[in-house]
Structures are given as structure tokens and as C-alpha cells.
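Asker: Predicted model follows, preceded by the sequence.
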There are 2 protein chains.
Amino acid sequence: MKTLPVLDPITDEACCTPAGQPALGAEEAKQKALVFKALADPNRLRLLSIVKAESSGESCVCDLTDPLDLGQPTVSHHLKILVDAGLLHREKRGTWAYYSLVPGALERTAGLLAAL
Amino acid sequence: MKTLPVLDPITDEACCTPAGQPALGAEEAKQKALVFKALADPNRLRLLSIVKAESSGESCVCDLTDPLDLGQPTVSHHLKILVDAGLLHREKRGTWAYYSLVPGALERTAGLLAAL
């Protein structure tokens, strides 16, 4: 994967004016893609929707395995990706871990699209 | 990957009330994940940003290779994924293909997050 911005693109095509520098830089694009990678899985979207729908504002990991019919290691793996992407907050209390939406995270992610 | 919705989850955990059915169904989650999969790549995000920034509203594929320093087959592969996801529109004119944003597509994708 090319990660450095192209500072001096060579333009040898003659059909039209080259677009020049991308509006979105390589490093910024990499960061933004990470959030969309976290969302690019049906089970992770379903986990987010369960946590979001929970009236108490948080879901115990023990509640998240049955609705998706997945084992707890798989669910924990998906939850870790959502936490790492800054979408979910994790709090360990006693035996269980509890997950809540990071306030404003979904709105900020929607904002990434508007700012492309 | 489990794709069928769980109609009758068995709940044998005792720590708290199970969340029950996910707010987002399995099939719907699969469809939504496809759009985020298309966005989950830095080069595709950069391609979208170039097309979006183009004052004429469309970019020739010949303009999209140099700014990203990628070969045309790679760029065409990424563009196809964006077209298949309903984010870009492709029109062939003469030798070249021209790409434009599907009107409202980024806004609808942002709306998917709000509707999770």
C-alpha cells in the first residue's frame, strides 16, 4: 500500500486536465479508513445497534452473544475492533465487561463522509 | 459467517436481562456493511475525495491514476468497488470512463449510521 503523498505527480496523459493532489491526504485517508473498516462487518453493525438500542445506555458482553448466535470469543473480538476504532467504550465491572457508545462517535463518523 | 436472524435465542446467562433481538437484522446488516466495506480503504476514500472536489462534477479515470501514484488497473478495481456500492456513477465516453458522485449517496451512507 502506498502511504506517502505524491508530491510531484507526473502527468503524461493528454485527455484532460489532471486532478492534481487528492483533496484527502494519504495519512488522513488511512485514519478515516480504519473507522470504516470497523463498520465493514455485519456482526459489528449489529453489535453497535444492540448497544445503541439499550435503554440503560450500556450492554453487558454476556447479553451480546445470544442475539447474534456467536461465541463469546468472536463477539469479544468484534467488540475490541469497535473499541479500538473509538466507536464503543468498554468498562470492566466484576466478572463482566460493559459496552456503551462513545458519545458523538457515530455523528463524527458521518461527518467524515461530509468532509471527504 | 452466520447470516440468518436468530429467531429464538436461548438465554442461559444470568448476569442481566438479555438484549433479545438485535435492532438491526442480519440481512440489513449485510447490505449496510457492503457500503462501509467500499469506504474501508484509504485509496478509495482518496478517489472519492478527488471526484467530489472536481469542479466539473466528474473525473476521467485518466486523471485518477497520477494523484494516487497507482496503476490504472488498480485504480479501475477500486473505482468498480465504489460503483458497485452505489457511491460513484460511471459513464464511458470514447476512450475514457468518467466518474461522478451518485447524488445523495454520501448523505445516505451517513444516514445509515444515524439509523443503526
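Answerer: Cool, the structure landed. Numbers count the residues shown, from 1 in each chain, chains lettered A, B, ... in the order given.
Asker: for chain A, which residue is closest to the average position?
Answerer: With distances taken as CA atoms, centre = their mean, the residue of chain A nearest its centroid is residue A:35 (2.7 Å).
Asker: Pretty sure that one sits against residue A:87.
Answerer: Yes - when contacts are counted by CB atoms under 8 Å, residue A:35 is listed as touching residue A:87 (7.3 Å). Where you see a C-beta, it was placed from the backbone N, CA and C, and this is true even at glycine.
Asker: quick one: common contacting residues for these two?
Answerer: residue A:109 (CB atoms under 8 Å, 6 or more residues apart in numbering or on different chains).
Asker: quick check, the residue nearest to the centre of chain A in a helix?
Answerer: Yes - checked against DSSP: H, G, I helix; E, B strand; the rest coil, residue A:35 lies within a helix.
Asker: what's near enough to touch it?
Answerer: Counting by CB under 8 Å, 6+ apart, residue A:35 makes contact with A:85-87, A:109, A:112.
Asker: Point out where chain A drops to low pLDDT.
Answerer: When residues are selected by pLDDT under 70, those of chain A lie in A:1-22.
Asker: Please enumerate the helices of it.
Answerer: Assigned by DSSP state H, chain A shows helices spanning A:26-39, A:42-53, A:72-84, A:105-114.
Asker: which secondary structure elements does the second one contact?
Answerer: Here helix A:42-53 is seen to pack against helix A:26-39, helix A:72-84, strand A:96-101, helix B:26-39 when contacts are counted using 3 or more CB pairs under 8 Å, 6 or more residues apart in numbering or on different chains; DSSP states H and E.
Asker: How about the shortest one?
Answerer: Contact here means 3+ CB pairs under 8 Å, 6+ apart; on that basis helix A:105-114 packs against helix A:26-39, helix B:105-114.
Asker: For residue A:115, the count of nearby residues, please.
Answerer: Look at residue A:115: counted by other CB atoms under 10 Å in any protein chain shown, it has 13 neighbours.
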